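In: kindly return the folded structure for what I paste below:
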Amino acid sequence: MSVARERILDCASDLFAHRGIHAVGVDELIEKADVARATFYRHFPSKEHLAVAFVERREQVWVHGWLENQAKARGETPEEQLLAVFDLLGEWFAGDDYDGEAFVTTLLETGRRQPPITQACIAALQSIRTVISALAQQADLRDPDEFARSCHILMNGAIIQATEREPRAAQRAQTMAHHLIDQHRKAARDSPP
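Out: I've put the predicted structure just below:
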């Protein structure tokens, strides 16, 4: 990957995450990235192409590089790893770099008017559920995909509350995740021998 492309993407990632895609113009991106207009358009034929690259990068870094890897590192069992997701969210909410959930924010901002960006956001959100579903399957929970959808609702709710500056958002969601795990434990495990 070229240095100029990385600089553009780094700049866009910061600006898009904090201000949204529509609030950031191409001229500002070119100036902040310190590249020529021709260089910008050689790497990204449109701001829409750049927005898709932003979402795809965020998916790799946030979902796989951070959430998935850290959850697995923090829990010894798949159930502990599922609950560790909420510890991670709590730490993220408390940090100076908390900027909200880029996939949902971008999806809401662009709606269905920009299908490539919409599809990238939907794929990134599905990626989160795939990680959760895989952990649920490893934990031998009933209906891992349904569990992942419900767990993702808890994650998104915590993210919204954190945006409202609710300090216990992740802890509350984690408490509900405990109940969700209990509901999805296979019946055979819960019944007497």
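
In: ok, residue 2 - contacts?
Out: Residues in contact with residue 2, defined by CB atoms under 8 Å, 6 or more residues apart in numbering, are residue 43. To be clear about C-beta, it is placed using only N, CA and C from the backbone, and glycine gets the same treatment.

In: now it: how far from residue 29?
Out: In this structure, residue 2 and residue 29 are 16 Å apart, going by CB to CB, to the nearest Å.

In: which ones are touching residue 145?
Out: Each residue near residue 145 by CB under 8 Å, 6+ apart is listed here: 129, 133.

In: work out for me the element it sits within.
Out: Assessed by DSSP states H and E, residue 145 sits inside helix 144-163.

In: now that helix: average pLDDT?
Out: Across helix 144-163, pLDDT averages out at 97.

In: any idea how far that helix is from the chain center?
Out: Chain-centre distance of helix 144-163: 11 Å, with CA atoms, centre = their mean, to the nearest Å.

In: just the CA trace of that helix, in CSV.
Out: Output for helix 144-163, consisting of C-alpha atoms alone and laid out as CSV, is shown next (Å, rounded to 0.1, in the frame of the first residue of the first chain):
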residue,chain,number,x,y,z
PRO,A,144,-25.6,-19.2,18.5
ASP,A,145,-26.7,-16.9,15.7
GLU,A,146,-29.8,-15.9,17.6
PHE,A,147,-27.6,-15.4,20.7
ALA,A,148,-25.3,-13.2,18.6
ARG,A,149,-28.1,-11.0,17.4
SER,A,150,-29.4,-10.5,21.0
CYS,A,151,-25.9,-9.9,22.3
HIS,A,152,-25.3,-7.4,19.6
ILE,A,153,-28.4,-5.5,20.7
LEU,A,154,-26.9,-5.3,24.2
MET,A,155,-23.6,-4.1,22.8
ASN,A,156,-25.3,-1.4,20.7
GLY,A,157,-27.5,-0.3,23.6
ALA,A,158,-24.4,0.1,25.7
ILE,A,159,-22.7,2.1,23.0
ILE,A,160,-25.7,4.5,22.8
GLN,A,161,-25.8,4.9,26.6
ALA,A,162,-22.0,5.5,26.6
THR,A,163,-22.6,8.3,24.1
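
In: okay, and the helix or strand of this structure with the least pLDDT?
Out: For the chain, scoring each helix and strand by mean pLDDT, DSSP states H and E identifies helix 187-190 as the least confident one, at a mean of 51.

In: tell me how many other residues crowd residue 11.
Out: Residues within reach of residue 11, counting by other CB atoms under 10 Å, total 20.

In: buried residues, the helix or strand encompassing it. List them.
Out: With the criterion set as DSSP H and E, the secondary-structure element containing residue 11 is helix 3-19. Burial within helix 3-19, assessed by neighbour count using 16 or more other CB atoms under 10 Å, is assigned to 4, 5, 7, 8, 9, 11, 12, 13, 15, 16, 17.

In: check stretch 81-98 too.
Out: So, applying 16+ other CB under 10 Å, buried residues of stretch 81-98: 81, 82, 83, 84, 85, 86, 87, 89, 90, 92, 93.
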